[in-house]
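Participant: Sequence and predicted structure are below.
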Amino acid sequence: MPERPAGEAKLPPETLYLVIPCYNEEAVLPETGRRLLEKIQQMEASGMVSEKSRILFVDDGSKDKTWELVSQLHEQHKQISGLKLSRNRGHQNALLAGLMTAKQYADMVISMDADLQDDVDAVDRFVAEYYKGSDVVYGVRSSRATDTAFKRGTAQGFYKFMQALGVDIVDNHADYRLMSRRALDALAQYREVNLFLRGVVPLIGFPSAIVTYERHERFAGESKYPLKKMLSFAFDGITSFSVKPIRMITWLGVLIFFASIIMLLVLLIQKLFGYTVQGWTTLMGSIWMIGGIQLLCLGMIGEYVGKIYAEVKQRPRFIVDQLLNDME
Ligand code: UDP
Ligand code: MG
């Protein structure tokens, strides 16, 4: 297990919070609680983290027994804390709620999924990188062997597409990462409503490091990210807002533009065979093509208007219902 660097050995250990967003995770929670508790106790014992370190489960408006289980774990173990959101707000918002709560108590915060897909043992290496001076440590999957070929392909395509658009995003990094309090304070200043953490965190700057880990199968329960959610997550990441009617205009524009090309061919053939009157071809061609381009442009302008709309509204990103936390 990595130790704190020799030069800093005399400094007291710092406080670590593990933030775990949970949505209908009753099937995995007892095991996740047990594994993480073991990990944090072991790290406390070896002096890597302080005794004030905690595991913070964020219940993202679950409909099952998730919150009951979190409350039970909290009663049994002082290291386990719980945060309950007033309703389901999605993975990114639940994560943000947890991070913003944890930063009030912790020196460093690691976010992790509830399903044990992220290798718990990599936590030691995250913390070692933190002590070496990194404010952000990205967990990067060494392989995607446990994912289906489809998920692998689409995910890889998504990362590549984002990078092609000029978004600074770490390859094969999900939301398994460590952030220092300083980095979290910086994150809190990004006040956008549709926070795409993977895109925002690299914008913060500060020294960072990468820790590679093996991604496992989901321990139990089902993925809370069906294809539909995955697609919308990707779309939000790209535009940071979903204004569906406006997007439909864009697609309609594309459709009509392509139709216009086919139409143009048809018109040309008609003209060749002499089935038309004078001016018909040019007139019809222009109507279709300009119509398509206009709709497309309108949709594109609409995307920006939609973004302004979202920023202006300044909706609260989360509303906390309860906070359970044993803090001395
Ligand atoms: N999650 C959440 N709110 C949601 C959906 C998911 O807090 O609305 C949590 C979920 O409990 C898990 C994490 O986000 O801890 C990642 O979800 P999942 O493992 O289902 O995604 P996958 O690994 O399949 O991409
Ligand atoms: Mg998962």
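Facilitator: Good, I have the coordinates. Ligands and ions are numbered 1, 2, ... in the order given.

Participant: per-residue confidence at the residue of the stretch 201-328 of the chain found nearest ligand 2?
Facilitator: At 5.1 Å from ligand 2, residue 218 is the closest residue in the stretch 201-328 of the chain, using C-beta to the ion. All C-beta spots, glycine's among them, are computed from the backbone N, C-alpha and C. Looking at residue 218, its pLDDT is 75.

Participant: Give me the distance from stretch 283-296 to the chain's centre.
Facilitator: 39 Å (C-alpha atoms, centre = their mean, to the nearest Å).

Participant: Only the buried residues of that stretch, if you could.
Facilitator: For stretch 283-296, the neighbour count (16 or more other C-beta atoms under 10 Å) marks 284, 285, 288, 289, 291, 292, 295, 296 as buried.

Participant: repeat for stretch 222-229
Facilitator: Within stretch 222-229, the residues that count as buried by 16+ other C-beta under 10 Å are residue 224.

Participant: Next up, identify which helix or strand the residue nearest to residue 251 when sequence neighbours are not counted is on.
Facilitator: In this structure, residue 251 finds its nearest non-sequential neighbour in residue 299, 7.4 Å apart by C-beta to C-beta, 6 or more residues apart in numbering. Residue 299 belongs to helix 280-313 when assigned by DSSP states H and E.

Participant: I'd like to know which elements that helix is packed against.
Facilitator: helix 227-239, helix 244-272 (3 or more C-beta pairs under 8 Å, 6 or more residues apart in numbering; DSSP states H and E).

Participant: Any chance of JSON lines for these, columns distance to ligand 1 and mean pLDDT?
Facilitator: Shown next, in JSON lines, are those (distance: least, C-beta to the nearest ligand atom, whole Å; pLDDT from 0 to 100):
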{"stretch": "helix 227-239", "distance to ligand 1": "7", "mean pLDDT": "73"}
{"stretch": "helix 244-272", "distance to ligand 1": "19", "mean pLDDT": "83"}
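
Participant: would you list those in TSV and tack on distance to residue 68?
Facilitator: Output for those, formatted as TSV (distance: least, C-beta to C-beta, whole Å):
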stretch	distance to residue 68
helix 227-239	25
helix 244-272	36
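
Participant: For residue 261, list the residues it contacts.
Facilitator: Going by C-beta atoms under 8 Å, 6 or more residues apart in numbering, residue 261 touches residue 289.

Participant: for residue 54, same thing?
Facilitator: 15, 17, 18, 40, 79, 80, 81, 102, 105, 106, 325, 326.

Participant: Of those residues, grab the buried ones for PyMOL.
Facilitator: To isolate the buried ones among the contacts of residue 54 in PyMOL, judged by 16+ other C-beta under 10 Å, type:
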select buried, resi 15+17+18+40+79+80+81+102+105+106+325
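
Participant: Is it possible to get CSV of the contacts of residue 54 that adds secondary structure and pLDDT?
Facilitator: As requested, the contacts of residue 54 are exported to CSV (DSSP: H, G, I helix; E, B strand; the rest coil; pLDDT from 0 to 100):
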residue, secondary structure, pLDDT
15, coil, 96
17, strand, 97
18, strand, 97
40, helix, 95
79, coil, 95
80, strand, 96
81, strand, 96
102, helix, 96
105, coil, 96
106, coil, 96
325, coil, 87
326, coil, 82
